[in-house]
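Engineer: the sequence isn't on hand, but the structure is:
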């Protein structure tokens, strides 16, 4: 089974951009439910970023 890694590059790049975006939001704005450092760790994967944007982003 041969995997063409060239197809994974855009997915990895988009994941990195999404994580960096969420970490910047965490650094600049107040957050809810958990401390900032924990949200930062969770935002290293896609599900953590989505959870932060839904649950942790403080709209104040």
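Structural biologist: Arrived safely, thanks for sending. Quick caveat, the model's predicted, so the values are computed rather than measured.
Engineer: measure stretch 42-56 end to end?
Structural biologist: For stretch 42-56, the separation between the terminal residues is 11 Å (C-alpha to C-alpha, to the nearest Å).
Engineer: would you indicate which residues of that stretch are buried?
Structural biologist: Within stretch 42-56, the residues that qualify as buried are 42, 43, 48, 49, 51, 52, 56, counting by 16 or more other C-beta atoms under 10 Å. Just so you know, the C-beta spots here come from the backbone N, C-alpha and C atoms, and that holds for glycine as well.
Engineer: ok, now which ones touch the fifth one?
Structural biologist: Right, the one you point to is residue 51. residue 42 (C-beta atoms under 8 Å, 6 or more residues apart in numbering).
Engineer: okay, now stretch 42-49: how far is its last residue from its first?
Structural biologist: With C-alpha to C-alpha as the measure, the ends of stretch 42-49 fall 7 Å from one another.
Engineer: so what touches that stretch?
Structural biologist: If you take C-beta under 8 Å, 6+ apart as the criterion, stretch 42-49 is touched by 15, 18, 19, 21, 22, 23, 26, 34, 39, 41, 51, 52.
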